[in-house]
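> Okay, sequence plus prediction incoming.
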Amino acid sequence: MLGNWSFGDYFKKEAIEFAWRCLTEEFKLDPNRLYATYFGGDESTPVDNEAKEIWLQYLPPERVLPFGAKDNFWEMGATGPCGPCTEIHYDRIGNRDASQLVNADLPDVIEIWNNVFIQFNREADGSLRPLPAQHVDTGMGFERLTSILQGVDSNYDTDIFIPLFDAIQKVTGARPYSGKIGSEDPEFIDMAYRVVADHIRTLSFATADGAVPSNDGRGYVLRRVLRRAVRYGRQNLNAELGFFAQLVRTLVELMGDVFPELREKEEYVTAIIREEEESFSKTVDKGLVEFKKRCEALGDAKVFPGDDAHFLYTSMGFPVDLTELMCEERGLTLDMAGFEAKMKEEQELSNAAHLKKMAGGSGKDMRLVAEQTAHLVSQGVEPTDDSAKYIWNEDLTGCTVKALFVGRNETEDGIGFVDCITPDSGAVGIVLDKSNFYGESGGQTYDIGTIKTGNGAVIEINNVQIYGSFVLHVGEVKEGTVNVGESAICCVDYVRRAPIAANHTMTHVLNFALRDVLITNGDSNQINAAVDQKGSLVDEDKLRFDFSWGSPLTTEQLAAVEKACVDQIISAIPVDNFVAPLEDAQKISSLRAVFGEVYPDPVRVVAVSPTPITKILENPQDSQWNSYSVEFCGGTHLKNTSEAQGFVLLSEEGIAKGVRRITGVTMKDAAAATAAAAELESKITEAGKLEGLEQEAQLKLLVQELNGALISAAKKNELREILGAYGKQVVAWKKAHAAEQTAKVCEQVIATAEATEGNKVVLRCDFGVDGKVAKAVTAAYGKKVKDKAILMVSADVDDDRYMVVAFAPKGVDVDCKAWVAASTEGTGGKGGGKKDSAQYTVPGVASIDSVLEKARSV
């Protein structure tokens, strides 16, 4: 799909003219084969006569066709911006009246162009309110237009897909693609060709642009796309594992000249897809086992529950269409409605959580969407000047209240703006002409604080969001009444902002340290090794940094990264910022920018460097800048790294294919983590001085404490190794103790046997319920005593249970299994064995004497 937007620059007349000229003059399509559609209206929405009349300037009435909301009205949801659409359809055959075939889902009459005219807002009561500014969303079918220009009947017969089909045939060995669909393709072979070709394009482009398969957001969409392609390839084309990743080469040859980033990242894209493909193979195997288990649990029921399908889908990545297919094979019906209801419930929970955050927990919808920002513009409200957010420890005076917001659909007109607010207003939003509050953006959380008005009102601010160019301060009125036009003072909570700034500055330092340790001074054998930022979050409690890397960091790498960050704090390096022309700033040799991010011009540069940015810009290619962090950033920062006080890297984990996440802390949280590590290390050192069961008990407690400790990840790994070494000491002690104990028990048993008349020996000798000791004792007994069977009772008093073991040397006619069963009858004991040996475990040591008595009398 090709497309563009107009935000208030032009509307229907111009959009339709542009479409017509592009298709008929630039691409030379036959105007007699074109049909236009417009929205024909319904009981709640008027006919789009404006679009109709414009089209009649280009086409005769019989080729300007009305359609309903399903085809020609776009809505983003139950409420919000919406509007009519106009579409252009092309008749591949021509020289006929194809008006009845438009929107009939036939391959010979296809939609190639669409304009969405966003001109209304759908209210909660279903009514439409005109938007103050009108927009156009234009889309054109790239592959469809190509098929028309190349004179073929299908998108898949163009030179966009044929090379991919040839490659698929080569790597799978399937029959060549023949273009069959529906009933003509009963084995879904041609369908599989189309799915695989479509999806290798999607995955490759998305991965080259920085997205990777994962368990959430866009990454989850990519994971589902890949798994669908792999499943079709393996099930319908009999492809071998790894076939999908091999197709990247052909796509690069096909598209690499037009999309150079695809060629540049070919090896990386191939590696990501290969790893995900291999991982899915394991997932399918696990899913099949789980599916079978849940089917068996159904008994005679014939409906596979939607909840079970949802679990397979969300928890195991098992495609629901595969679940449905396997249900059919077993004569079951999948409760698809239940599955979809569960998916909808999950989405609603996610949306509710987001709305709750935006509303500060009030239950109101406190977002400024298109209708709210358009209203502000129409009322002449200027963008908020928030340049003062970079000033510290000063209240901002001379502010003016420009708008007051009580929530979407909270006023009669549904827009949500009022002239005054009071403590009874609940959650409110305030737009000022200027502000020193930082609105949540760029991965950094928002500021909190208070706003005080000239007439004495006090508003407690607990959330600050940026919508377009407006800063919305969300909170509650604590005292007085606030009116539009009043003067105000902004009072930021700078105590809370301090750790946020420390975490943000140290995120920059961490970014630099990772590249320095893993790339500059590393010894990586990873393909196209790079450390690129994939996301970040900083708030008052922590910093979180996501970056590209294909494997877990070693303990040595973690320690090196942490040390590099701490060293920068100790070195007390200045943190400078400067707004520079984008073209000039991009020339700095050490610049770290987020791939695919669009930066403003001019752009704010933040450098952790003893050299001011203005000096760096004088000679931007100087290699000495490679020793310092330089990034584009609009966040709040420290003045000097020493203000961070400390840094501890708490954890490092994988969150998606080729993406790792580090969490760290600074200031008092770093100090607390360091102190906790020292205390834990001291405990572990003391535990090393113990031995035997006492040491084992202490180690168990320390392992649990270490697992939950918020300390340095490198230190945690180091302490785990120490605990592991101590654990080996315990094992060695147990082995030696068991050998010693076994020898004593053997002496006792053999002595008792020698002093006993008859062919049965019964005794109690406590060595716990250790089966290995029992086995060693009976083996030693069998070597020394040849004419007597033995029954031993061994108790574990602390665990309140005991073991009954019987053994008969070869040639002694005693049924050990029957002997033990008869002796333990009525005790609740469980076990088994055979004629020459048997073993039971019995709860409750109080019954030992009666068991011994029975054993002697049997």
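Ah, there it is. Quantities reported herein were computed from a predicted structural model and do not represent experimental measurements.
> hey, which helix or strand in this protein has the poorest pLDDT?
The least trusted helix or strand in the chain, going by mean pLDDT, DSSP states H and E, turns out to be helix 336-358, with a mean of 75.
> moving C-terminal of that one, what's the next helix or strand?
helix 370-378 (DSSP states H and E).
> Run through the stretch 151-300 of the chain and note the low-pLDDT ranges.
Residue ranges of the stretch 151-300 of the chain with pLDDT under 70: none are present.
> Please enumerate the helices of it.
Secondary structure of the stretch 151-300 of the chain (DSSP state H, counting those that start in this stretch): helices located at 162-172, 189-208, 217-236, 248-255, 260-264, 266-296.
> Quick check: which of those helices is buried the most?
Per-residue neighbour counts averaged over each of these give the maximum for helix 189-208, namely a mean of 22 (mean count of other Cβ atoms under 10 Å). C-betas here are computed from N, CA, C, even on glycine.
> what distance separates it from the centre of its chain?
Relative to the chain's own centre, helix 189-208 is displaced by 22 Å; criterion: Cα atoms, centre = their mean, to the nearest Å.
> same question, stretch 586-593
Using Cα atoms, centre = their mean, the mean C-alpha position of stretch 586-593 is found 29 Å from that of the whole chain.
> picking that back up, tell me which of the helices of the stretch 151-300 of the chain sits nearest to Val369.
Nearest to Val369 among these is helix 217-236; the distance by Cβ to Cβ comes to 20.4 Å.
> how far does the closest one sit from the chain's center?
Relative to its chain's centre, helix 217-236 lies at 16 Å (Cα atoms, centre = their mean).
> picking up where we left off before, need the helices of the stretch 151-300 of the chain in CSV with distance to Gln729, can you?
Formatted as CSV, those follow (distance: least, Cβ to Cβ, whole Å):
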stretch, distance to Gln729
helix 162-172, 54
helix 189-208, 48
helix 217-236, 44
helix 248-255, 51
helix 260-264, 53
helix 266-296, 37
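> Look up how far Glu266 lies from the spatially closest residue to Glu264 that is not a sequence neighbour.
Excluding its sequence neighbours, the residue lying closest to Glu264 (Cβ to Cβ, 6 or more residues apart in numbering) is Ala208, at 7.8 Å. Ala208 is 8 Å from Glu266, where distance means Cβ to Cβ, to the nearest Å.
> coming back round to it: got the contact list for the residue nearest to Glu264?
Taking Cβ atoms under 8 Å, 6 or more residues apart in numbering, we find Ala208 in contact with Phe259, Glu261, Leu262, Glu264, Lys265, Tyr268, Val269.
> same thing with Gly126?
Shown in contact with Gly126 (Cβ under 8 Å, 6+ apart): Ser44.
> And what about it, helix, strand or coil?
Here Gly126 is recorded as coil under DSSP: H, G, I helix; E, B strand; the rest coil.
> Just checking: what are the partner strands of the helix or strand containing Leu65?
For Leu65, the enclosing helix or strand under DSSP H and E is strand 64-67. Applying DSSP bridges to the sheet, strand 64-67 is found paired with strand 34-39 (parallel).
> got the CA coordinates for the partner strand in CSV?
Provided in CSV are the C-alpha atoms of strand 34-39 (Å, rounded to 0.1, in the frame of the first residue of the first chain):
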residue,chain,number,x,y,z
LEU,A,34,-12.6,3.5,-13.9
TYR,A,35,-15.6,3.5,-11.5
ALA,A,36,-15.9,5.8,-8.4
THR,A,37,-17.9,5.1,-5.3
TYR,A,38,-19.1,7.4,-2.6
PHE,A,39,-21.0,7.0,0.7
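> For that strand, which outside residues touch it?
Strand 34-39 has contacts (Cβ under 8 Å, 6+ apart) with 23-24, 45, 47-48, 51-52, 55, 58-59, 63-69, 71-73, 84-91, 98-99, 102-103, 109.
> Name whatever forms a beta bridge with Val428.
Per DSSP bridges, the residues bridged to Val428 are Gly475.
> show me where the stretch 351-500 of the chain has helices.
Secondary structure of the stretch 351-500 of the chain (DSSP H, counting those that start in this stretch): helices at 370-378, 494-515.
> What are the buried residues along the shortest one?
It refers to helix 370-378. Within helix 370-378, the residues that qualify as buried are Ala370, Glu371, Gln372, Thr373, Ala374, His375, Leu376, Val377, counting by 16 or more other Cβ atoms under 10 Å.
> what does the longest one give?
Along helix 494-515, these residues count as buried under the neighbour rule (16+ other Cβ under 10 Å): 494, 497-515.
> go on, stretch 424-441?
425-432, 434-440.
> Phi first, then psi, for the closest residue to Pro31 other than its chain neighbours.
Computed as Cβ to Cβ, 6+ apart, the closest residue to Pro31 that is not its neighbour in sequence is Thr24, at 5.2 Å. Per-residue torsions, Thr24: phi -90, psi -30 (degrees, to the nearest 10).
> Next one: Thr24 from Val116, what distance?
According to Cβ to Cβ, Thr24 stands 21 Å off from Val116.
> Please give the centre-to-centre distance between stretch 477-496 and its chain.
With Cα atoms, centre = their mean, you get 37 Å for stretch 477-496.
> now swap in stretch 307-324 and tell me
The chain centre lies 18 Å from the centre of stretch 307-324; the measure is Cα atoms, centre = their mean.
> List the buried residues in that stretch.
By neighbour count on 16+ other Cβ under 10 Å, the buried set for stretch 307-324 is 308-313, 317-320, 322-324.
> repeat for stretch 100-110
Leu101, Val102, Asn103, Val109, Ile110.
> repeat for stretch 811-826
Neighbour counts over stretch 811-826 (16+ other Cβ under 10 Å) mark Val812, Val814, Asp815, Cys816, Lys817, Trp819, Val820, Ala821, Ser823, Thr824 as buried.
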